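Novice: sequence first, then the predicted structure:
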Amino acid sequence: MVRETNEDRRHRMFERILNDLDANPALVPWLNAVATLRDRLIIGEPETCYLASMFAESAIFGAVGDPELDRIVADMQNIERANGLHPDESYGLDDAPPDWLALNTEWDARSDVITAQLLRDGGLGDLARMYVERRAQFDDRSEEGRSRLWELPFDDDHDDVNVPRGHNPAR
């Protein structure tokens, strides 16, 4: 995928990888592959950060099965239902009540712990340290890697241009 010159094919390859992770969240082999690509100098640190974060995010949103995340999501959904939101609706950060926001912060913290552990398990301990200790640097490197792989400017207002077509990280 990283050396593929056909943009459509590159997007399809990445979409298949993410679909694979959704169906079978065995993340470690994918992270090991990313580490191998980096170690063989096929990709740099920015691309490594981007791919590792996308794979970890896909695994977490694809139901890693963490009881704590499951509990938090259930509590958030209970608040949404109690406030009249339909099952296919959720709050945005700007319109959520304080108890939902507190749970969202708790979910983010737990997700960060899981992500760091997934990175360590996948042979990317150095990136796990960066993720935990220098998060802004990790995020900047990840964004740089995304831009290099997809040759797209980042657009906070249009998340659909930030990932390959067909993949919805918000599932």
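Specialist: On my side now, so go ahead.

Novice: from A26, how far off is the spatially most central residue of the chain?
Specialist: Taking C-alpha atoms, centre = their mean, the centroid of the chain lies closest to E57, which sits 2.4 Å from it. Counting by C-beta to C-beta, to the nearest Å, the gap from E57 to A26 is 15 Å. Every C-beta, even on glycine, is put in place using the N, C-alpha and C of the backbone.

Novice: and D94, by the same measure?
Specialist: D94 sits 36 Å away from A26, taking C-beta to C-beta as the criterion.

Novice: so between those two, which is more surrounded?
Specialist: A26 (10 against 5; other C-beta atoms under 10 Å).

Novice: what's the offset of stretch 47-65 from the middle of its chain?
Specialist: Between the centre of stretch 47-65 and the centre of its chain there are 4 Å (C-alpha atoms, centre = their mean, to the nearest Å).

Novice: surely V132 touches A116?
Specialist: Yes: between V132 and A116 a contact is recorded at 5.1 Å, counting by C-beta atoms under 8 Å.

Novice: what about these two, which has more around it?
Specialist: It is A116, of V132 and A116, that has more neighbours when counted by other C-beta under 10 Å, with 20 against 15.

Novice: does L119 really touch G125, like I thought?
Specialist: Yes: if you go by C-beta under 8 Å, L119 and G125 touch, sitting 7.2 Å apart.

Novice: and those two? which has more neighbours close in?
Specialist: Between L119 and G125, counted using other C-beta under 10 Å, L119 has the larger neighbour count: 28 against 13.

Novice: list the contacts of that one.
Specialist: Each residue near L119 by C-beta atoms under 8 Å, 6 or more residues apart in numbering is listed here: L31, A52, A56, G125, L127, A128, Y131.

Novice: host element of the residue nearest to the centre of the chain?
Specialist: When secondary structure is defined by DSSP states H and E, E57 falls within helix 45-61.

Novice: what's next to that helix, contact-wise?
Specialist: Defining contact as C-beta under 8 Å, 6+ apart, one finds that helix 45-61 is touched by 2, 17-18, 21-22, 25, 27, 30-31, 34-35, 37-38, 43, 66, 69, 111, 114-115, 118-119, 122, 124, 127, 130, 138, 141-146, 148-149, 163, 169-171.

Novice: and stretch 75-90, by the same measure?
Specialist: Y91, P97, D99, W100, L103, N104, W107.

Novice: just the CA atoms of it, as CSV, please.
Specialist: Output of stretch 75-90 as CSV, limited to C-alpha atoms (Å, rounded to 0.1, in the frame of the first residue of the first chain):
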residue,chain,number,x,y,z
ASP,A,75,-23.5,4.6,30.6
MET,A,76,-23.2,7.2,27.8
GLN,A,77,-26.0,5.6,25.8
ASN,A,78,-28.2,5.5,28.9
ILE,A,79,-27.8,9.2,29.3
GLU,A,80,-28.5,9.7,25.6
ARG,A,81,-31.7,7.6,25.9
ALA,A,82,-32.8,9.4,29.1
ASN,A,83,-32.5,12.7,27.3
GLY,A,84,-34.6,11.6,24.3
LEU,A,85,-31.9,10.8,21.8
HIS,A,86,-32.6,7.9,19.5
PRO,A,87,-30.3,4.9,19.3
ASP,A,88,-28.6,6.2,16.2
GLU,A,89,-28.0,9.6,17.7
SER,A,90,-25.3,10.8,20.1
